[in-house]
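Trainee: Fold the stuff below for me.
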Amino acid sequence: MIYLQYIKNFGGNVETLYDILEVSRKASKEVIEKAYKTLAKKYHPDLQTAENKEIAEKRMKEINEAYDVLSDEQKRKEYDEKLEAEDERKKQEEYINYQNNSSAQSVKYESDMQVNNS
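Mentor: Numbering: from 1, shown residues only. Okay, here's the model as predicted:
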């Protein structure tokens, strides 16, 4: 299911479907629908100048895809599970990196102490 892979990377920042609709992960269906309608008006290609039309079309496609997933209870549940798994993976990765950095600093400190005591 392609929408479960819909996490984009813009300049190193992860953008979720919630970010696209500018709502929190705990947003109600009503809040999601209101955000969708607001953004659809803002980015609708027919309401844009010629130079902004291509950008608006791209953004509108993203908004539609986000709304398609987040407005459907089952798709949203699956997407949320995917996000939670990704969040957990990142936490574990950060912890491992922290442990590795702590171990490396400890070894360097011990090495420095041996040199200084010689």
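
Trainee: Please count neighbours and contacts with C-alpha atoms only from this point.
Mentor: Fine.

Trainee: Find the residue ranges of the chain scoring beneath the pLDDT cut-off.
Mentor: Residue ranges of the chain with pLDDT under 70: 1-14, 102-118.

Trainee: Going along the chain, name the strands of this structure.
Mentor: 8-10, 13-15 (DSSP state E).

Trainee: Can you name the residues that contact Ser71?
Mentor: Ser71 makes contacts with 29, 32-33, as judged by C-alpha atoms under 8 Å, 6 or more residues apart in numbering.

Trainee: Contact partners for the closest residue to Glu54 other than its chain neighbours?
Mentor: Once flanking residues are discounted, Glu54 sits nearest to Pro45: 7.6 Å by C-alpha to C-alpha, 6 or more residues apart in numbering. By C-alpha under 8 Å, 6+ apart, the contact set of Pro45 is 53-54, 56-57, 60.

Trainee: give me that answer again for 7 Å
Mentor: Neighbouring residues of Pro45 by C-alpha atoms under 7 Å, 6 or more residues apart in numbering: 53, 56-57.

Trainee: looking at those, which has the most residues close by?
Mentor: Counting by other C-alpha atoms under 10 Å, Ala56 has the largest number of neighbours within the contacts of Pro45, with 20 neighbours.

Trainee: Quick check: it touching Asp46?
Mentor: No: Ala56 lies out of contact with Asp46 (C-alpha atoms under 7 Å); the separation is 9.0 Å.
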